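[1] below is the sequence, then the predicted model.
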Amino acid sequence: MGNLSSIPNIVLESFRSPLKQTDIVQKDDSKISLKTSSIYVDKTSDTLGTQANGNISLSPTFKVAFIAVSVATLLAFITNLYIAFSYPELTEAQNNVLSICENIVTTGFGAIVGLLGGKAA
């Protein structure tokens, strides 16, 4: 599998069933199937969660981490926009909050790209 076409499936499955093990299985060049189980036993995958045959294994830990990073990034981005557009002149405290939110958004976006890139690779 290991290409960019698996990224939407990784994102959707992370939000669809975050507490269940999911294996993304590519049957041929165009068909992708999803196997979800409530018991997580990972005997066939390496440490990164990619199985030897190229299928992608999404553990509940990965899904919860992905959701947490995504939500924190989105909240910081919304807060950043609210502060930037709601006040014509910013106080020093508001500038500090704006700077913190910018750092969270930048770091969160990098973490999202890293998580997805690590799974899709």
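    Sure, I can see it.
[2] the longest helix anywhere in the chain - contacts with which helices or strands?
    When every helix of the chain is counted residue by residue (DSSP state H), the longest turns out to be helix 92-120. Packed against helix 92-120, as judged by 3 or more Cβ pairs under 8 Å, 6 or more residues apart in numbering; DSSP states H and E, are the following elements: helix 7-16, strand 56-58, helix 60-86. Using the backbone N, CA and C atoms, a C-beta is placed for each residue, glycine as well.
[3] ok, the residue positioned nearest the centre of the chain to residue 86 distance?
    With the centre of the chain defined as its mean C-alpha position, the nearest residue by Cα atoms, centre = their mean is residue 66, 3.5 Å away. Counting by Cβ to Cβ, to the nearest Å, the separation of residue 66 from residue 86 is 30 Å.
[4] over to residue 108?
    Using Cβ to Cβ, which is the criterion applied here, residue 108 is 22 Å from residue 86.
[5] these two - which one has more neighbours?
    Each of residue 108 and residue 86 had its neighbours counted (other Cβ atoms under 10 Å), and the higher figure belongs to residue 108 (20 against 9).
[6] thought the more buried one was touching residue 73?
    Yes. Proximity of residue 108 to residue 73 meets the contact threshold set by Cβ atoms under 8 Å, at 3.0 Å.
[7] quick one, which of the helices and strands packed on helix 92-120 gets closest to residue 95.
    Checking the helices and strands packed on helix 92-120 against residue 95 by Cβ to Cβ gives helix 60-86 as the closest, at 9.0 Å.
[8] and that closest one, how far out from the chain's middle?
    The chain centre lies 11 Å from the centre of helix 60-86; the measure is Cα atoms, centre = their mean, to the nearest Å.
[9] ok, residue 64 - how many residues close by?
    Burial of residue 64, expressed as a neighbour count using other Cβ under 10 Å, amounts to 13.
[10] mind listing what's buried in stretch 5-14?
    The neighbour-count criterion (16 or more other Cβ atoms under 10 Å) identifies 6, 9-11, 13-14 as the buried residues of stretch 5-14.
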